[in-house]
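1. what follows is a predicted structure for the sequence shown.
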Amino acid sequence: MICIKLRKRQNKRSVLYFGSTVRLEHQQSEYFLHSHQVQYGSGSGQQSVTGMRTDHDYNSLWTFKECWNTTLKKYDDQIKCGDCVRLEHMLTTKNLHSHFHQSPISGNQEVSAYGDNGNGDGADDWILECDGVSNDGQSQLSAKNWFQLKHKMTGKYLRASRKDIYNQRNCGYHCPIEGQLEISASLAKSPETRWKVYAGLFYLPIEKESDCNEYGDCDDIDSDDDEYRTVDL
């Protein structure tokens, strides 16, 4: 059984498990990884991925999953630095994806959202490389970790920059993503490729059978521990 626990950025000890749905913050810009039902007008024509400034948009929620065509991860499987992961966009159920198309502003490698109902292909796979710790699969990913997402198929890193912002000049009038950042993939690690979990719904194994019922409700927890509950972000 599992219990859903709301953790925010201030709690630096939060350990992440597969199935957690999170907001990812870009270090340099402080924008959040975002997607929506807006297709690129060039390149692949797939669903666009951008950086969004506000921190309360449902379209900035992503779920950690195991890599494509690998053994299914369970909710008590911890995410480790060095793991291969997919990120499924919660509202559109498409996966964070990259390929050899050119991104519209920077000319880097395009990043899109791809697939249906969480199903995609090997170009949805990313390697989680944490800063300052071993990436051999032994160190747990936690809320304190800044990390890079390396695209497994092409070896390029998920990036953003405040210089690459959509506006009327590069996106046209009535641009649906005006004011948002281009998200792309680049060959080298840099401050532009660093990300962190900001907040989200974290699945945690329960320690006592009485903590939650079979539906994940945690109403019987002591009143002074109000962190455990089912929440809507």
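-> Sure thing, it's come through. Numbers count the residues shown, from 1 in each chain.
2. quick check: the gap between the most centrally placed residue in the chain and Leu158.
-> The centroid of the chain falls nearest to Trp62 when counting by CA atoms, centre = their mean (4.6 Å). Computed as CB to CB, to the nearest Å, the Trp62 to Leu158 distance reads 12 Å. Placement of C-beta: from N, CA and C, glycine included.
3. so what sits against both of these two?
-> 33, 96 (CB atoms under 8 Å, 6 or more residues apart in numbering).
4. what are the ranges of the strands in this protein?
-> Assigned by DSSP state E, the strands in the chain fall at 2-8, 21-26, 32-39, 47-52, 62-66, 84-89, 95-102, 109-114, 126-130, 147-151, 157-165, 181-186, 195-205.
5. got these as TSV, with mean pLDDT and distance to Cys175 columns?
-> Formatted as TSV, these follow (pLDDT from 0 to 100; distance: least, CB to CB, whole Å):
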stretch	mean pLDDT	distance to Cys175
strand 2-8	47	32
strand 21-26	96	21
strand 32-39	97	9
strand 47-52	98	11
strand 62-66	97	23
strand 84-89	98	20
strand 95-102	97	19
strand 109-114	98	17
strand 126-130	97	28
strand 147-151	98	26
strand 157-165	98	11
strand 181-186	98	12
strand 195-205	84	25
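6. make JSON lines from the ones you listed and add distance to Gly137 to it.
-> Converted to JSON lines, the strands of the chain look like this (distance: least, CB to CB, whole Å):
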{"stretch": "strand 2-8", "distance to Gly137": "23"}
{"stretch": "strand 21-26", "distance to Gly137": "20"}
{"stretch": "strand 32-39", "distance to Gly137": "24"}
{"stretch": "strand 47-52", "distance to Gly137": "27"}
{"stretch": "strand 62-66", "distance to Gly137": "13"}
{"stretch": "strand 84-89", "distance to Gly137": "10"}
{"stretch": "strand 95-102", "distance to Gly137": "21"}
{"stretch": "strand 109-114", "distance to Gly137": "25"}
{"stretch": "strand 126-130", "distance to Gly137": "10"}
{"stretch": "strand 147-151", "distance to Gly137": "14"}
{"stretch": "strand 157-165", "distance to Gly137": "19"}
{"stretch": "strand 181-186", "distance to Gly137": "23"}
{"stretch": "strand 195-205", "distance to Gly137": "18"}
